[in-house]
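>>> Coordinates for the following, if possible.
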Amino acid sequence: MTEQPLSGSTITRPLAPGCRLIALRSPTLPPATHTNCIVLGDEELVLVDPGSDYPEELAKLDEAMGALEAGGARLREVWITHHHDDHWVGTPHLRARAPGLIVRAHERTAALLRDRLAIDAPLGEGDARSLGAAGRVRVLHTPGHTSGHVAIHVENAGALVAGDLVAGAGTVVVDPPDGDMAAYMDSLRRVRALGLRALWPAHGPLVADATRKLDEYLSHRSWREARILAAIGTAPTALDAILDHAYDDVAAALRPLAARSALAHLAKLVADGLATEGGGRWRRSE
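A predicted model of the protein is given here:
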């Protein structure tokens, strides 16, 4: 991802009026290497997903925020899309440099982070804020990747701060029991109905054609589900055998992640009445 200068900083990239991106190298899963931290507003700033605690990346974050503060802006809040480390671990550093900072997350995310990070206020479905040149931003609860996942609709830009609902490259792991494939696909459909122009995911390049990307994601998940169902026999079938057939296109190094998403698909198939499970094996419903 190419970073472009803004307001004297060499590490912030403009996205739309009042919206900026800071790409921070983070403890994320490959093939991603960075978390896209999004800054919303021009005077009262909200920062979404400060996902790195590497010292050199925190120095970059300080430089970027310092450039904005030199122009009269102030960081007021941090919003966290979900509880995975690569979306929040820079928050304690920001709290130390900005006394009075308010940290918000969905109540489910707050519960999952209870022993690791204090959440000051909830961030839930329908919460809205006017943030200067960024205009009105609205929070959407988009569960699936995690139970407490949220995304932020930047209405003036026709864009979505997407967190891990989508990735700029590749797909997203849905890891049960907190991850839920049925909820994830419902969230994709809901977001598609917004008629968005762009997606600003937490990992990978920005997405200029939101509808096309969301259609690709929905098509891919449906295709994968069909392959999993085809891999299940009338006799009980083990997960490894299902992976051999349904994920034969996935590199061996990614097989453990594929297994987690396969379990999410299998749980959906059971809930849909298309398969049954017993003793860690699955068979098609008759």
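>>> buried residues in stretch 263-280?
263, 264, 265, 266, 267, 268, 269, 275 (16 or more other C-beta atoms under 10 Å). For glycine as for every other residue, the C-beta is placed from the backbone atoms N, C-alpha and C.
>>> should've said stretch 91-98
91, 93, 94, 95, 98.
>>> which SS state does the residue lying closest to residue 127 once chain neighbours are set aside fall under?
In space, and not counting its chain neighbours, residue 127 is closest to residue 139: 4.2 Å by C-beta to C-beta, 6 or more residues apart in numbering. In three-state terms, and counting by DSSP: H, G, I helix; E, B strand; the rest coil, residue 139 is strand.
>>> partner residues bridging residue 139?
residue 152 (DSSP bridges).
>>> which residues sit in contact with it?
Shown in contact with residue 139 (C-beta atoms under 8 Å, 6 or more residues apart in numbering): 79, 123, 124, 125, 126, 127, 128, 150, 151, 152, 153.
>>> and if you look at residue 187?
Going by C-beta under 8 Å, 6+ apart, residue 187 touches 142, 143, 144, 149, 165.
>>> now the closest residue to the fourth one other than its chain neighbours, what's its secondary structure?
The shortest distance from residue 149 to any residue that is not its chain neighbour, by C-beta to C-beta, 6+ apart, is 4.4 Å, and that residue is residue 82. The three-state assignment at residue 82 reads coil, by three-state DSSP.
>>> residue boundaries of the helices in the protein?
Under the criterion DSSP state H, the chain contains helices at 55-70, 91-97, 107-112, 181-192, 210-231, 239-246, 255-271.
>>> Count the neighbours of the nearest residue to residue 89 once chain neighbours are set aside for me.
Nearest residue to residue 89, sequence neighbours excluded (C-beta to C-beta, 6+ apart): residue 53, at 4.2 Å. Counted with other C-beta atoms under 10 Å, residues neighbouring residue 53 total 18.
>>> Use 37 as the first number for this chain going forward.
Sure thing, new numbering starts at 37, so read that last one as residue 89.
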